[in-house]
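**Student:** can't give you the sequence, but here's the structure:
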């Protein structure tokens, strides 16, 4: 691979590899996770079938030699954009958008995996429906890439409304494929956000462009102790408040707003997985209103353990009018064994 120059505007970054037009660009941000990148995202992107793609790895200030190791791989589809210092995942994804030569852009987190037909299926679906972005079903996996549970994709007809209540785009950035011109015209990812930048972009996309949905399971999201939610100690509730302010007018037009209780449960779940029970309880308490018995019971549960949670859940479910939260599920896909 040959050097293609420098982009000092983005904090001192460099790009390696040829730049030719293609059908879709896969953008993979990463930092100091070469073994994860190698075994998950690079395998998933390089094994896509029936599609003309390039793979842009954005090395966001790694010190483990990630950029050099990617450059050593013999694959003409691979390019590297390197930040000499870490600028954050939103700016890393934006650097990938700026470098992309594809008509479409697919985002992929370095620890996630795809069906080998993911890109072909989604681009065909979007094209046939005249859509500017497209998503599918996804599954959650453990660190050995074994199936945990699955999420069916949201209905495009209700996506705009649902996203203003909670982030229903399961699989996050590893799920969505979007036209390059559309995401650039929207202003790319909001660089003031570190955890919720994808949610913000989905809201803007849903309010300005047509969506298409694929019912197939196309994405596998790996849960592990090195995920950003578990390792980044910044207050994600400040981001949530920013998101609420940013989209207040749209939410008002639709007659409803963001569900802070559901958001707090997502935050608390990350703290529980990291063994931070007190932090989980605080997160739940921040999202609970006086009438939200569910979150108040969860506070007790995370502090006292699973037996208290089970008892509390039975008590709450006996309250008249109580409706438990639920999701449409997706089954385990047969392509997972490619990664075992």
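**Tutor:** Noted; the coordinates are in hand. What you see is a predicted model, and the numbers here were worked out from it, not measured in a lab.

**Student:** which residues sit against stretch 155-174?
**Tutor:** By CB atoms under 8 Å, 6 or more residues apart in numbering, the residues outside stretch 155-174 that reach it are 93, 107-109, 112, 114, 131, 135-138, 151, 153-154, 175-176, 196, 198-199, 202-203, 206-207, 210-213, 219, 221, 247, 250-251, 254, 256-259, 262-263, 266. (Glycine included, C-beta is placed from N, CA and C.)

**Student:** show the end-to-end separation of it, please.
**Tutor:** Terminal residues of stretch 155-174 are spaced 18 Å apart (CA to CA, to the nearest Å).

**Student:** ditto for stretch 144-159
**Tutor:** Across stretch 144-159, first to last residue, CA to CA, it's 32 Å.

**Student:** tell me the contacts of residue 269?
**Tutor:** Contact analysis of residue 269 by CB under 8 Å, 6+ apart lists residue 280.

**Student:** for residue 66, same thing?
**Tutor:** Counting by CB under 8 Å, 6+ apart, residue 66 touches 30-34, 37, 57, 59.

**Student:** how about it, phi and psi?
**Tutor:** Backbone dihedrals for residue 66, given as degrees, to the nearest 10, come out at phi -60, psi -50.

**Student:** gap between it and residue 96?
**Tutor:** Noted for residue 66: a distance of 14 Å to residue 96, by CB to CB, to the nearest Å.

**Student:** residue 167 now?
**Tutor:** Residue 167 sits 21 Å away from residue 96, going by CB to CB.

**Student:** who has more neighbours, these two?
**Tutor:** A direct count of neighbours by other CB atoms under 10 Å for residue 167 and residue 96 places residue 96 higher, at 25 against 19.

**Student:** hang on, isn't the more buried one packed against residue 25?
**Tutor:** Yes: applying CB atoms under 8 Å, one finds residue 96 in contact with residue 25, separated by 7.5 Å.

**Student:** ok, the closest residue to residue 140 other than its chain neighbours - how many residues close by?
**Tutor:** Closest residue in space to residue 140, ignoring its immediate chain neighbours: residue 148 at 4.4 Å, by CB to CB, 6 or more residues apart in numbering. Other residues lying near residue 148 total 13 when counted by other CB under 10 Å.

**Student:** who touches residue 148 in this structure?
**Tutor:** Per CB under 8 Å, 6+ apart, neighbours of residue 148: 139-142, 223.

**Student:** now swap in residue 244 and tell me
**Tutor:** Each residue near residue 244 by CB under 8 Å, 6+ apart is listed here: 251, 257-258.

**Student:** okay, who's weakest in these by pLDDT?
**Tutor:** On pLDDT alone, residue 257 ranks lowest of the contacts of residue 244, at 82.

**Student:** I'd like to know how far that one sits from residue 170.
**Tutor:** The gap separating residue 257 from residue 170 is 21 Å, by CB to CB.

**Student:** which of these two has more neighbours?
**Tutor:** For residue 257 versus residue 170, neighbours defined as other CB under 10 Å are more numerous around residue 170 (22 against 14).

**Student:** kindly check the end-to-end length of stretch 68-86 for me.
**Tutor:** For stretch 68-86, the end-to-end distance is 17 Å (CA to CA).

**Student:** in it, what counts as buried?
**Tutor:** 69-71, 77-83, 86 (16 or more other CB atoms under 10 Å).

**Student:** report the longest strand in this structure, please.
**Tutor:** strand 211-222 (DSSP state E).

**Student:** how far away from the center of its chain is it?
**Tutor:** Relative to the centre of its chain, strand 211-222 is centred 12 Å away, using CA atoms, centre = their mean, to the nearest Å.

**Student:** note down every partner strand of that strand and its orientation.
**Tutor:** Take DSSP bridges as the rule and strand 211-222 pairs in its sheet with strand 113-114 (antiparallel), strand 133-141 (parallel).

**Student:** pLDDT (mean, whole number) over that strand?
**Tutor:** 96.

**Student:** just the buried positions in that strand, please.
**Tutor:** 211-214, 216-222.

**Student:** domain map for this structure?
**Tutor:** What automatic domain parsing lists as the domains of the chain is 3-224, 259-317.

**Student:** what's the average pLDDT for the shortest one?
**Tutor:** Per-residue pLDDT values across domain 259-317 average out to 61.

**Student:** also stretch 139-150?
**Tutor:** In this model, stretch 139-150 has a mean pLDDT of 91.

**Student:** roughly how far out does that stretch sit from the chain middle?
**Tutor:** 15 Å.

**Student:** next secondary structure element downstream of the longest helix belonging to the chain?
**Tutor:** Longest helix in the chain, counting residues (DSSP state H): helix 260-273. Counting by DSSP states H and E, the next helix or strand C-terminal to helix 260-273 is helix 277-287.
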